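>>> model this:
(one chain, ligands or ions: 2)
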Amino acid sequence: MSHAKRTVQHLDCRSKRVLMRVDFNVPVASGEVTDDTRIAAAMPTIRYLLQKGARLVLCSHLGRPKAGPEPKSSLRPVHTRLQRLLRQDVRWADDCIGEAAEAASRALADGEVLLLENLRFHPEEEANDAAFAGALARLGDCYVNDAFGAAHRAHASTEGVTHHLSPCVAGFLMQKELDYLGKALDQPQRPFVAILGGSKISGKIDVIMQLLGKVDRLLIGGAMMFTFARAQGLPTGRSLVEDDRVEMAREVLAQAAARGVNLVLPTDCLASTAPDGSAPSRPRRIAELASDEMGVDIGPESVQHFTEQLRGARTVLWNGPMGIFEVEAFAGGTMAIARACAALTGATTVVGGGDSVAAVQQSGLAERFSHLSTGGGASLEFLEGKVLPGVAALDDEVAS
Ligand code: ADP
Ligand code: MG
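Ligands and ions are numbered 1, 2, ... in the order given. Modelled structure (predicted):
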């Protein structure tokens with residue numbers, strides 16, 4: 001299946017009002033944006049469109065307002081930060097639909113920008129209400145989606161609105177996400193190694209099953225390794241085990257064997273009696289884990305083993321930290337895997353998942369990875385092989 005979508009490069013946007021969905025769902029504290037990574041990530045598309053003479057209308061959600069407008073979810077702080085990053089005036093509309101917003105969109109000159117207040121101040125946004133989508137569509141002549149992180153939801157601003165506007169194309173950030181994740185799934189350079197970790201096998205089972213059919217090697221760390229350990233009859237102590245998923249883990253092991261996928265499980269872990277770092281820790285063979293201990297990270301032997309398995313890889317897909325990396329004493333395994341990936345030459349290295357991306361950023365090696373996905377839930381659903389409604393709604397690339 002091809003994931004190629006038309007992009008802004010094929011958009012004739014001079015003097016046109018371009019309604020662009022962005023993911024400006026950033027953390028805000030005391031009226032200030034505390035991390036503008038997501039705003040910065042949309043800048044290439046914003047700058048490109050403005051240079052082309054578009055009249056840009058930006059819309060986004062922020063937080064989870066439940067019952068209409070609430071000050072703490074206002075995009076006002078984003079407006080301030082956006083002006084600073086763009087070094088140009090940005091117009092503002094107090095409501096994302098209605099007469100005032102429409103008038104503001106029509107008052108834009110070429111190369112000017114308007115930011116709309118939070119889409120989710122209207123419950124109709126998440127309900128994908130047709131009338132609301134129609135009202136939103138009145139603010140643009142064509143549509144760009146650069147919010148990959150919101151593309152797994154069929155909301156009015158990601159799906160409904162596309163029924164009213166044409167063309168509907170992907171921004172550069174969206175394109176980059178589809179490119180890297182899509183290539184890994186559809187045409188990976190081999191050997192293709194996937195590294196999976198994180199807290200729960202239950203949330204990742206569809207990704208595991210999907211990847212089993214595509215990868216050459218599958219390395220499993222994180223808490224989910226203990227559900228596999230249980231499935232193999234190994235001791236797990238007080239480690240996080242999902243009892244109701246042990247059968248599933250057995251099925252994964254059987255599938256891997258049947259498909260000839262090299263599924264690599266840790267032989268040792270870092271063991272402690274407390275998950276918060278308040279007790280000492282030491283390396284332990286899984287087979288020797290004591291009943292009062294829990295595995296909080298992969299162990300040194302497994303780090304070495306995983307590093308060897310990564311050698312020579314041409315495509316690496318990583319989702320899920322190897323241990324409780326938020327606790328410094330338990331971050332060693334995750335950081336070592338980050339170093340092993342960063343050291344690969346000639347490999348495409350892609351990281352998906354909110355915590356995994358945070359871990360790689362924490363490692364200071366982010367620049368050495370090919371791509372860190374900006375969409376946590378969206379990248380997971382993509383890797384599960386699901387069609388993302390916000391992507392499906394965009395125009396397909398025209399074969400040339
Ligand atoms: P992502 O957001 O990248 O998809 P997850 O949300 O699945 O990753 O998992 C991240 C969480 O998994 C982290 O909070 C981490 O502390 C936890 N985790 C990893 N290893 C363990 C472990 N051995 N025991 C308990 N929690 C773990
Ligand atoms: Mg997470």
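>>> tally of neighbours for the closest residue to ligand 1 within the stretch 301-400 of the chain?
Per Cβ to the nearest ligand atom, G353 is where the stretch 301-400 of the chain lies closest to ligand 1, at 2.4 Å. Where you see a C-beta, it was placed from the backbone N, CA and C, and this is true even at glycine. Close neighbours of G353, defined as other Cβ atoms under 10 Å, add up to 27.
>>> Could you report the distance from whichever residue of the stretch 151-300 of the chain sits closest to ligand 1 to D292?
Using Cβ to the nearest ligand atom, the closest approach of the stretch 151-300 of the chain to ligand 1 is made by G198 at 2.4 Å. Using Cβ to Cβ, to the nearest Å, G198 is found at 24 Å from D292.
>>> out of these two, which sits in the busier spot?
Using other Cβ under 10 Å, the more surrounded residue of G198 and D292 is G198, with 21 against 9.
>>> isn't the more buried one right up against T227?
No - at 11.7 Å, G198 does not count as touching T227 under the criterion of Cβ atoms under 8 Å.
>>> remind me which residues of the stretch 1-150 of the chain are low pLDDT?
Low-confidence regions of the stretch 1-150 of the chain, defined by pLDDT under 70, span residues 1-3.
>>> Now do the strands in it.
17-21, 28-29, 32-33, 55-59, 90-93, 113-116, 142-145 (DSSP state E, counting those that start in this stretch).
>>> Out of those strands, which gets nearest to ligand 2?
strand 28-29 (20.4 Å; Cβ to the ion).
>>> who does the closest one pair up with?
Using DSSP bridges, strand 28-29 pairs in its sheet with strand 32-33 (antiparallel).
>>> Give me every residue in the protein lying close to ligand 1.
With the criterion set to Cβ under 6 Å from any ligand atom, the chain comes near ligand 1 through 197-199, 203, 222-223, 240, 295-296, 319-321, 323-324, 326, 353-356, 376.
>>> try it again with 5 Å
Residues of the chain lying close to ligand 1 by Cβ under 5 Å from any ligand atom are 198-199, 222-223, 240, 320-321, 323-324, 353-356.
>>> can you list the domain ranges for this structure.
8-175, 190-346 (automatic domain parsing).
>>> Export those domains to TSV and append columns for distance to ligand 2.
Output for the domains of the chain, formatted as TSV (distance: least, Cβ to the ion, whole Å):
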stretch	distance to ligand 2
domain 8-175	13
domain 190-346	6
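>>> how about the helices in the stretch 201-350 of the chain?
Along the stretch 201-350 of the chain, counting by DSSP state H, counting those that start in this stretch, helices occupy 205-212, 224-231, 246-259, 300-310, 332-342.
>>> cool, the stretch 51-200 of the chain as well?
Per DSSP H, counting those that start in this stretch, the stretch 51-200 of the chain carries helices over the ranges 76-86, 99-106, 130-137, 172-186.
>>> what's the closest of these to D146?
helix 172-186 (4.8 Å; Cβ to Cβ).
>>> Which elements pack onto the closest one?
With contacts taken as 3 or more Cβ pairs under 8 Å, 6 or more residues apart in numbering; DSSP states H and E, helix 172-186 sits against helix 37-51, strand 348-352, strand 371-372, helix 376-383.
>>> Give me the contacts around that helix.
The contact list for helix 172-186 (Cβ atoms under 8 Å, 6 or more residues apart in numbering) reads 1-5, 7-8, 41-42, 44-45, 48, 145-148, 151, 170, 192, 210, 214, 315, 317, 348, 350, 352, 370-371, 373-375, 378-379, 382-383, 385, 391, 394.
>>> Ok, stretch 59-78 next?
Contacts for stretch 59-78 (Cβ under 8 Å, 6+ apart): 19-26, 28, 31-33, 39, 92, 96, 115-123, 125, 136, 139, 147, 150, 157.
>>> make it 6 Å
21-22, 24-25, 28, 31-33, 96, 116-121, 157 (Cβ atoms under 6 Å, 6 or more residues apart in numbering).
>>> Dump it to PDB, keeping only the CA atoms.
Taking C-alpha atoms only, stretch 59-78 is exported to PDB below (Å, rounded to 0.1, in the frame of the first residue of the first chain):
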ATOM      1  CA  CYS A  59      -6.200  26.000  13.600                       C
ATOM      2  CA  SER A  60      -5.300  23.600  16.400                       C
ATOM      3  CA  HIS A  61      -6.600  22.000  19.600                       C
ATOM      4  CA  LEU A  62      -4.900  22.400  23.000                       C
ATOM      5  CA  GLY A  63      -5.600  20.300  26.000                       C
ATOM      6  CA  ARG A  64      -8.900  18.600  26.600                       C
ATOM      7  CA  PRO A  65     -11.500  21.300  27.400                       C
ATOM      8  CA  LYS A  66     -14.700  19.500  28.400                       C
ATOM      9  CA  ALA A  67     -17.400  22.100  28.400                       C
ATOM     10  CA  GLY A  68     -16.700  25.000  26.100                       C
ATOM     11  CA  PRO A  69     -14.100  27.700  26.400                       C
ATOM     12  CA  GLU A  70     -11.800  27.700  29.400                       C
ATOM     13  CA  PRO A  71      -8.900  30.100  29.900                       C
ATOM     14  CA  LYS A  72      -6.300  27.400  30.700                       C
ATOM     15  CA  SER A  73      -6.800  25.800  27.200                       C
ATOM     16  CA  SER A  74      -6.600  29.100  25.300                       C
ATOM     17  CA  LEU A  75      -4.200  29.300  22.300                       C
ATOM     18  CA  ARG A  76      -3.400  32.900  23.300                       C
ATOM     19  CA  PRO A  77       0.100  31.900  24.700                       C
ATOM     20  CA  VAL A  78       0.700  30.000  21.500                       C
END
